[in-house]
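Colleague: Can you look at this prediction? I've put the sequence above it.
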Amino acid sequence: MFEFTEEYELLLKEVREVAEKVVKPRSKEIEESDEFPMGLAHRFFEEGYLQILIPKQFGGMGRDITSFCIISEEIAKVSASMSLLVIVQSVGTLPILIAGNDSQKLGFASRIPKDRLVMAFCLTEPQAGSDVGSMQMTAERVGDQYLLNGKKNFVTNGGVADKYIVFAKTSPPRGRRGISAFIVDKGLQGMTFSSKDDKIGMRGIPSCSISFKNVSISSSDLLGEEGEGFKIAMETLNRSRPAVGAQALGIAESAMEIAALFAMRRRQFGKPIAKLEGMQFMLAEMATLIESAKAMVYKAAWYLDKGLPRATKYSAMSKFFASDVAMKITTDAVQILGGYGCLKSGNLERNMRDAKITQIYEGTNQVQRFVVAEQLIKEFLEKYGMGRNWSEFL
């Protein structure tokens, strides 16, 4: 049976208290203003949430993916946007932790908590979303510099981040094997930021497009070796997808609680609608889906923390399953509340809008299903090979 250790329980309690006392009172204001809450970002630095995965020797919390998921889930219960802040910060930090050399880890990873640097991750382009290999942005080596040219879009934290992990092709003919990763400072000459995107959900955490025109960076800002960018990006997203699943889980849990409490108080046909069989079936399915999603998310986190085989498969499963669950539960919860669920004065319609985005970012759910299928095929080939007589299994 799954249960948290005492260490995780203590973290959960601490995060839940911060979420309820600090984040929840600001959630509606953040939603309505759509302004980046820099004050909350600084509070999150104080709590350690924005340096959760950075080792202690660099000033971080030195925690694991399970801890990352706990923080994401608990904050998402009161504000999916603020949960996204934690996730994107880690996505922008992980490439340095995964591929950075000693100098980069000392010079950049240690500065993130010290100087409270906000991070961003620049992978998606107008013509390269799920198909990363179609990336058009280039990085041309000129002496000890690289010149970046191209455009990135849907950059979360775009415009407010201090550092950007940018992926570009150093060898375009090689496709995804020609992609490299770079650490780029905000404000370099040739970087142009668009106005922020007007999103349906995750309000308060900006995203925008960034154009690069002959942006010059030092060769020392290359992460890993040339051509390792795709691998770095995939290893990063593999570690962060369970946290997106945890975020979706928090959204779903919040929606179910609202729906259940409403159903207990709303009376129709002479009794609370929670006593109606059809309503009970909906609530039972919500609870079951949430428990299933929770098990999947924390199993994926455990596999990643232990460095076990099949972690990639469980990571992809946790992301698409939990976000699909969040979308279904928030939609059903709105149905239970009827007209009240459609009012912007409540939290439920915000949950539904936020849930939709979790099905898209960090790799669409269709791509995650592809990843799972590929991993399954690989596992069966390793187990049985291609020479077996398949009729014996029929």
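Modeller: Yep, it's here.
Colleague: Would you map the helices across the protein?
Modeller: Assigned helices in the chain, in chain order: 6-18, 24-33, 38-47, 65-76, 80-99, 102-104, 111-115, 229-265, 277-306, 311-337, 348-358, 365-384 (criterion: DSSP state H).
Colleague: chain center to the third one, what's the gap?
Modeller: The gap between where helix 38-47 is centred and where its chain is centred comes out at 18 Å by Cα atoms, centre = their mean, to the nearest Å.
Colleague: quick one: buried residues of it?
Modeller: 40, 41, 43, 44, 45, 47 (16 or more other Cβ atoms under 10 Å). (Glycine included, C-beta is placed from N, CA and C.)
Colleague: roughly how far apart are the residue of the chain positioned farthest from its centre and residue 276?
Modeller: Distance from the centre of the chain peaks at residue 270, with 44.5 Å (Cα atoms, centre = their mean). Separation of residue 270 from residue 276 (Cβ to Cβ, to the nearest Å): 11 Å.
Colleague: just residue 58 next, same as before
Modeller: With Cβ to Cβ as the criterion, residue 58 and residue 276 are 56 Å apart.
Colleague: neighbour-wise, which of the two wins?
Modeller: residue 58 (19 against 14; other Cβ atoms under 10 Å).
Colleague: Next, count neighbours for the nearest residue to the more buried one once chain neighbours are set aside.
Modeller: Ranked by Cβ to Cβ, 6 or more residues apart in numbering and with sequence neighbours excluded, the top spatial neighbour of residue 58 is residue 110, at 4.2 Å. The number of residues packed near residue 110 is 17, by other Cβ under 10 Å.
Colleague: and if you look at residue 197?
Modeller: 15.
Colleague: what do you get for residue 182?
Modeller: 23.
Colleague: contacting residues around it?
Modeller: 139, 146, 148, 165, 166, 167, 168, 217, 221, 222, 223 (Cβ atoms under 8 Å, 6 or more residues apart in numbering).
Colleague: if we go to 7 Å?
Modeller: Residues near residue 182 by Cβ atoms under 7 Å, 6 or more residues apart in numbering: 139, 146, 166, 168, 217, 221, 222, 223.
Colleague: now residue 213
Modeller: 149, 190.
Colleague: which one is residue 335 nearest to, not counting chain neighbours?
Modeller: residue 341 is the one closest to residue 335 (Cβ to Cβ, 6+ apart), at 7.0 Å.
Colleague: cool, and residue 69?
Modeller: residue 246 (3.8 Å).
Colleague: List the contacts of that neighbour.
Modeller: Counting by Cβ under 7 Å, 6+ apart, residue 246 makes contact with 69, 72, 73, 297.
Colleague: Can I have the buried ones of those as a PyMOL selection?
Modeller: Command for PyMOL that selects the buried part of the contacts of residue 246, burial taken from 16+ other Cβ under 10 Å:
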select buried, resi 69+72+73+297
